[in-house]
Structure formats: structure tokens, C-alpha cells
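[1] got a predicted structure plus its sequence, pasted below:
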Amino acid sequence: MNFETTINKYIELLDCSLVDISTLSGISISVISKYRKGVRKPKANSKQFQNLINALLTIANNKHITLQKDELVNEFMQSLNAHYIDFGIFRDNFNFLVCSLKINLSSLALAMNYDSSYISKIKNGKRKPANNYKFVQDFTNYIAVHYKSDEDKEKVFNIIGIKASELKNNETYEDVIFNWLCTNKKKITENDAIDRFLQNIDDYDIDNFNDVVKKIKFTLPSTNILIPHSKDYYGFKNMSVAETEFIKSTLMSKSTNTLFLYNEMPMNEIVNDIALRKKWILGITMMLKKGIKLNIIHNINRPLNEMLLGLEMWIPLYMSGTISPYYFENDINELFMHMLCVSGSSALSGECLKSDINCCKLHYTTKKDEINYYSSKAKFMINSAKPLMYIYTNKNMEKFLELTKKVEKDFQKVKLEKYKNTEFYINSDKWISINKLNNEPICFVIYNSKLMNAIKDFIKNEKNK
């Protein structure tokens with residue numbers, strides 16, 4: 001059934017006039033008349049489409065005629081040949097947007113009024129929405145509401161690959177998101193994620209970062225001004241508060257002991273709040289400026305796309321050469337997610353249920369005996385983990401040169417045209433290095449087989465194009 005037949009059917013069913021529809025929908029009588037004649041039709045999911053649906057529902061309600069909104073929408077979508085949503089295409093795009101924006105599934109489920117396990121099953125492809133259109137519409141509305149500032153919109157547009165200037169007449173922000181989710185047939189592959197990760201390394205200007213670090217004025221306190229105390233925080237929403245306390249106490253103390261970070265918990269609060277994210281990165285940068293080295297254990301027991309997205313925010317900090325990243329070979333926790341941050345002056349420990357991140361407790365302390373305990377725990381974890389990569393800067397570049405000299409006849413040098421400032425060294429199945437070609441080169445040597453093999457396959461595919 002085409003669109004004009006469908007709208008005429010409901011006009012007859014509701015026994016309403018064009019004036020009635022026009023008054024309630026805001027669509028002019030002449031446009032509605034063209035709808036009835038098949039001369040014109042609204043764009044699927046457009047504002048006009050939604051207003052028309054709402055007008056018909058209001059008229060039906062006033063006349064005590066029962067109409068189900070979902071059924072009405074699906075019928076009109078079908079009449080526009082836009083009812084069919086390829087679940088595979090949508091799921092790939094849904095997952096990519098969720099990962100790129102670091103959207104926490106529990107928060108998303110709460111906002112969309114779905115169960116978090118239901119969202120998780122859809123994300124993993126274990127279940128399909130009962131109503132594809134409604135689910136896509138609800139997710140679209142979530143993005144539109146939670147990413148509505150100009151800076152947020154630009155971020156979304158960059159992720160889905162369009163420019164705000166390319167919007168067509170009368171095309172809204174919601175239209176763009178909805179249509180991209182349903183019709184973008186380019187599946188987000190591991191190659192896309194690797195390309196994005198490498199492009200970020202290639203594009204990043206380390207000189208700008210160094211300038212920022214130089215401008216930071218930091219004086220080491222002459223005495224410890226912290227009064228030993230501890231405090232418990234409850235609920236995931238208080239994680240950022242607890243982390244801020246930890247960073248402040250670390251900066252205010254005389255200690256320059258190596259900092260330890262491990263966090264399996266979702267970073268939604270930090271990543272989605274741009275102002276908070278900047279403060280968090282500034283805090284870590286100030287610690288590096290203070291002379292603190294950092295050991296971090298990354299959670300890489302997840303899809304490669306998500307792992308790379310998680311690593312992206314660390315790129316500028318990696319280039320300082322004072323961070324040592326590690327990973328665990330196996331997923332050590334099945335039911336709980338944990339975090340542990342330890343410095344010479346304070347510690348922050350937390351845990352939550354994987355099934356409900358709001359069932360969460362964080363313990364912050366500056367008490368010496370507790371810090372000693374958490375420091376021992378951090379040391380054990382580092383000894384149990386494996387290096388994710390080794391990072392070489394001017395300070396230790398001779399070690400990288402020694403490494404390459406040992407395998408001089410056994411590694412391949414690769415340069416891809418798309419990365420102007422980056423080259424790769426591949427040492428058979430042992431390691432791969434990503435070499436950032438600055439005035440002061442930085443080399444990332446990766447031994448982790450999952451990441452190494454993915455990048456090697458990506459390079460091979462690029463060379464064969």
C-alpha cells in the first residue's frame with residue numbers, strides 16, 4: 001500500500017478533515033492535499049512525518065477510536081518503503097556509536113526505559129528489538145538529547161562521517177542520526193578501528209602537548225599538608241568525585257612514587273562530560289609534570305574495536321614516555337568490575353556488579369597502613385600482568401635501536417602513504433612497532449598478539465589495495 005492510499009484510509013476511518021489534521025500537525029492544508037493525491041510525501045522519520053502521526057493519534061483519541069502508535073508508524077513507514085531496518089547494519093552502527101561516544105549501557109537503558117540486559121543482548125547480537133523502528137527512534141532521541149551542544153554535535157558528525165554544512169534543507173540533527181543508523185551500509189570493521197587508532201597517532205602533534213606541559217606551573221609542596229583520613233563513596237555517579245579527590249591528594253603531597261591505575265569500570269562519566277574529561281587529563285598531565293611515572297593495566301578482554309577506542313584517549317599521555325601500559329591475558333573477573341588507583345599519598349579502590357554498575361562502592365584513603373596494603377596489591381597485579389607495549393622516546397631510544405639491530409635481518413620496514421608521519425617495523429611474529437616520525441621520534445613496540453596481528457593484517461590489506 002502506497003503513502004497516499006494509507007493516509008486516505010485513515011482520513012476516512014477517522015472521518016476527519018484536512019483542516020483538523022493541519023491544525024494539530026502544523027502542516028499546511030495544501031501539503032496535506034498533495035499527500036492525498038500522491039504528489040508529495042514526507043520523509044521517513046522527519047518532523048512532518050512525526051507530526052502527522054501524532055495528529056492522527058490525537059484525532060483517534062478524541063473520537064474514542066483505538067489506534068496503536070507502533071502499528072500506525074510501521075504502516076506509514078511501510079508505505080514510504082522505509083519500514084525495513086536491516087538489523088545487521090543497525091547493530092554495527094549502534095555498536096560503533098556506543099563505543100565511539102563511550103556510552104554506558106546501564107545509563108542508556110535507564111534513559112531509554114529498557115532493561116540493561118536487553119540492551120546488552122541487542123549489542124551482542126543475541127537478541128533483536130521487538131520493534132526495530134521504535135528502538136532506533138528511542139536511541140536516536142537519546143543521542144539528540146544527551147549530545148546537543150555544538151561541540152557534542154560536531155563530535156557525532158565526525159563519527160558518522162558528515163559535516164554540519166552538508167545537512168539538506170529541513171533535515172534535522174535527529175534525521176541525520178536516524179538515517180545513518182538505518183542506512184549506512186559500511187560495516188564498522190576491525191580495520192576501521194585500527195585505521196582510526198593509527199590516524200590519531202599519525203595526526204597528533206606532540207609539540208602542542210609539550211607546549212601545554214611546559215606552561216603548567218607546579219611547585220612540589222615543602223611539607224605534607226594532607227591529614228590522613230578515608231571516605232566511602234556509593235553509586236557509580238560518585239566515581240568522578242572520588243577520582244578527583246584521589247588526583248588532588250596525589251598532587252598536594254610530596255611523594256613522587258610511581259602511580260598505579262587499573263579500572264574495569266565504564267568511563268562514561270569522564271568521557272561523555274567533556275569538561276570533566278579535560279580536568280582528568282590535566283590532572284594526569286600535572287602528575288607527569290611533577291615527575292611521577294605511571295603504570296597502568298588496560299582491560300583488553302573485549303572486542304578489538306572497543307579496546308582501541310579505550311586506548312585512544314591515552315595517546316597524548318603515552319607520548320610523554322613516562323607511562324608503562326600492561327594487560328592481563330585472561331578476564332580475571334566474571335561477576336564484578338574493579339578499580340584500583342594508588343599513589344604515594346593516597347589510594348582509591350572500588351567495585352561494582354557487572355550486571356548493575358549502580359551497585360557500586362569506592363573507598364578513598366590517605367591512611368598510611370591502607371596505602372601500604374593497596375600498594376602491595378598493585379605490585380602483585382603488575383607482576384601478574386604483561387606489557388601491552390613498550391614506549392621509546394629520546395630518553396631511551398638507544399634501547400629501541402639495540403632491539404632493531406638484534407633482528408636487523410629479520411624485520412620489515414613498511415610505510416603507508418595515508419600516514420605521512422608514521423612508519424612500521426614488523427619483526428615476523430614477535431612484535432610490531434609504530435614509529436611516530438617527529439623531530440623527536442616516538443616508537444610504540446607491541447608484543448600483544450591480539451593487537452599486533454590485527455595491525456599486521458590491516459597493513460597487509462592496505463598494501464594490497
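    Right, received. Where do you want to start?
[2] so what does Arg40 look like in phi/psi?
    The phi and psi values for Arg40, taken as degrees, to the nearest 10, are phi -150, psi 150.
[3] hmm, who's touching the helix or strand where Val73 lies?
    If you go by DSSP states H and E, Val73 is part of helix 69-79. Contact with helix 69-79 is made by 1-3, 5-7, 10, 44, 49, 52-53, 56-57, 83, 131, 133-134, as judged by Cβ atoms under 8 Å, 6 or more residues apart in numbering. (Glycine included, C-beta is placed from N, CA and C.)
[4] buried ones among those residues?
    Burial by neighbour count, 16 or more other Cβ atoms under 10 Å: within the contacts of helix 69-79 this picks out 3, 6-7, 10, 44, 49, 52-53, 56-57, 133.
[5] from the contacts of helix 69-79, which land in helices?
    Under the assignment DSSP state H, the contacts of helix 69-79 contribute 3, 5-7, 10, 49, 52-53, 56-57, 133-134 to helices.
[6] ok, the closest residue to Lys148 other than its chain neighbours - contacts?
    Computed as Cβ to Cβ, 6 or more residues apart in numbering, the closest residue to Lys148 that is not its neighbour in sequence is Tyr173, at 7.8 Å. Going by Cβ under 8 Å, 6+ apart, Tyr173 touches 144, 148, 153.
[7] pretty sure the first one contacts Val176?
    No. Between Ala144 and Val176 no contact is recorded; they are 9.7 Å apart, counting by Cβ atoms under 8 Å.
[8] sorry, back to before: out of the contacts of Tyr173, who's the most crowded?
    Among these, Ala144 has the most neighbours (other Cβ atoms under 10 Å), with 19 neighbours.
[9] how far away is that one from Ile177?
    7 Å (Cβ to Cβ, to the nearest Å).
[10] tell me which stretches of the stretch 101-250 of the chain form strands.
    Applying DSSP state E, counting those that start in this stretch to the stretch 101-250 of the chain gives strands spanning 230-234.
[11] Serialize the contacts of Tyr173 to JSON lines and add fields for distance to Asn461.
    Below are the contacts of Tyr173 laid out as JSON lines (distance: Cβ to Cβ, whole Å):
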{"residue": "Ala144", "distance to Asn461": "35"}
{"residue": "Lys148", "distance to Asn461": "38"}
{"residue": "Lys153", "distance to Asn461": "32"}
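[12] from these, pick the one nearest Asn427.
    Taking Cβ to Cβ as the measure, Asn427 sits nearest to Lys153 out of those, at 43.5 Å.
[13] how distant is stretch 399-414 from the center of its chain?
    35 Å (Cα atoms, centre = their mean, to the nearest Å).
[14] give me the residues contacting it.
    For stretch 399-414, the surrounding residues in contact (Cβ under 8 Å, 6+ apart) are 392, 423-428, 430, 433, 443, 445, 459, 463.
[15] quick check: domain ranges of this protein?
    The chain breaks down into these domains under automatic domain parsing: 3-79, 87-187, 193-463.
[16] mind putting those domains into TSV with mean pLDDT?
    TSV is the format used below for those (pLDDT from 0 to 100):
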stretch	mean pLDDT
domain 3-79	87
domain 87-187	81
domain 193-463	83
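[17] Val156 touches Lys148, doesn't it?
    No. Val156 is beyond contact range of Lys148, at 9.7 Å (criterion: Cβ under 8 Å).
[18] how close does the residue lying closest to His229 once chain neighbours are set aside get to Met252?
    Nearest residue to His229 in three dimensions, chain neighbours excluded: Thr366, at 6.0 Å (Cβ to Cβ, 6+ apart). Separation of Thr366 from Met252 (Cβ to Cβ) stands at 10 Å.
[19] output stretch 321-339 as CSV, nothing but the C-alphas.
    Taking Å, rounded to 0.1, in the frame of the first residue of the first chain, the C-alpha atoms of stretch 321-339 are listed here in CSV:
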residue,chain,number,x,y,z
GLY,A,321,57.4,8.3,27.6
THR,A,322,56.7,8.1,31.4
ILE,A,323,53.7,5.6,31.1
SER,A,324,54.1,1.8,31.1
PRO,A,325,50.9,0.1,29.8
TYR,A,326,50.1,-3.5,30.8
TYR,A,327,47.4,-6.1,30.3
PHE,A,328,46.1,-9.3,31.8
GLU,A,329,46.0,-12.3,29.4
ASN,A,330,42.7,-13.6,30.8
ASP,A,331,39.5,-12.0,32.1
ILE,A,332,40.1,-12.2,35.9
ASN,A,333,36.6,-11.2,36.9
GLU,A,334,33.3,-12.7,35.7
LEU,A,335,30.8,-11.1,38.1
PHE,A,336,32.4,-7.9,39.3
MET,A,337,34.3,-4.9,37.9
HIS,A,338,37.1,-3.4,39.9
MET,A,339,39.3,-0.4,40.0
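[20] pull out the buried residues from that stretch.
    By 16+ other Cβ under 10 Å, the buried positions in stretch 321-339 come out as 321-328, 337-339.
[21] cool, and stretch 140-152?
    Of the residues in stretch 140-152, those buried (16+ other Cβ under 10 Å) are 140, 142-144, 147, 152.
[22] endpoints of that stretch, how far apart?
    By Cα to Cα, to the nearest Å, the extent of stretch 140-152 from end to end equals 14 Å.
[23] wait, the residue nearest to His229 touches Ser345, no?
    Yes. With contact defined as Cβ under 8 Å, Thr366 and Ser345 form a contacting pair (6.2 Å).
[24] before we move on, what SS does Glu423 have?
    At Glu423 the chain is in strand, as set by DSSP: H, G, I helix; E, B strand; the rest coil.
[25] next, count neighbours for it.
    Using other Cβ under 10 Å: Glu423 sits among 17 other residues.
[26] Ile159 now?
    For Ile159, the count of nearby residues is 17 (other Cβ under 10 Å).
[27] repeat that for Lys418.
    For Lys418, using other Cβ under 10 Å, the count is 11.
[28] that one and Asn124: what is the separation?
    32 Å.
[29] same check, this time on Asn200
    Computed as Cβ to Cβ, the Asn200 to Asn124 distance reads 26 Å.
[30] looking at these two, which is more packed in?
    Asn200 (15 against 11).
[31] enumerate every residue touching the more buried one.
    Counting by Cβ under 8 Å, 6+ apart, Asn200 touches 312, 315.
[32] rerun that using 10 Å as the cut-off
    308, 311-313, 315-316 (Cβ atoms under 10 Å, 6 or more residues apart in numbering).
[33] for ChimeraX, what selects the buried ones among those?
    A single ChimeraX command suffices to select whichever of the contacts of Asn200 are buried according to 16+ other Cβ under 10 Å:
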select :308,311,313,315,316
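[34] surely Trp314 is in contact with Ile281?
    Yes. Counting by Cβ atoms under 10 Å, Ile281 is a contact partner of Trp314 at 9.3 Å.
[35] do a quick rundown of the helices in the stretch 151-300 of the chain.
    Using DSSP state H, counting those that start in this stretch, the helices found in the stretch 151-300 of the chain span residues 173-183, 190-203, 206-215, 239-252, 268-272, 274-290.
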